[in-house]
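A.B. asks: Just a sequence and a predicted model for now, questions to come.
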Amino acid sequence: MKILSRALVLIGLIVLLVGMWFLINNHIAINQLHAIAYSNRSTDGPNPNQGVLLQTGLAAAGGFLMGLGLSMPKR
């Protein structure tokens, strides 16, 4: 069980890193689209980056905590 627990933690870490990579790419794309959309307007609209970052952070924290809970011994 110790090997399985470590394997799950390693897989979870890899998934978390891949998720962070996607977050960074999406953040850059959203910034570019936001800049293009509001380049000819005098006022800026709402920027969706904060919501995306918050949702991603909450999902990552939840997945990490759930993974820790599943890998803990049941004693």
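C.D. replies: Good, I have the coordinates.

A.B. asks: How about the spatially most central residue of the chain: what's its closest non-neighbour residue?
C.D. replies: In the chain, the residue lying closest to the centroid (C-alpha atoms, centre = their mean) is Thr56, at 3.5 Å. Nearest residue to Thr56 in three dimensions, chain neighbours excluded: Leu23, at 4.9 Å (C-beta to C-beta, 6 or more residues apart in numbering). (Glycine included, C-beta is placed from N, CA and C.)

A.B. asks: dump the residue contacts of the one you found.
C.D. replies: When contacts are counted by C-beta atoms under 8 Å, 6 or more residues apart in numbering, Leu23 touches 52-53, 56.

A.B. asks: Show only the entries of those found in helices.
C.D. replies: 52-53, 56 (DSSP state H).

A.B. asks: Output those residues as CSV; include the columns distance to Asn31 and pLDDT.
C.D. replies: Formatted as CSV, the ones in helices among the contacts of Leu23 follow (distance: C-beta to C-beta, whole Å; pLDDT from 0 to 100):
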residue, distance to Asn31, pLDDT
Val52, 11, 83
Leu53, 12, 84
Thr56, 15, 84
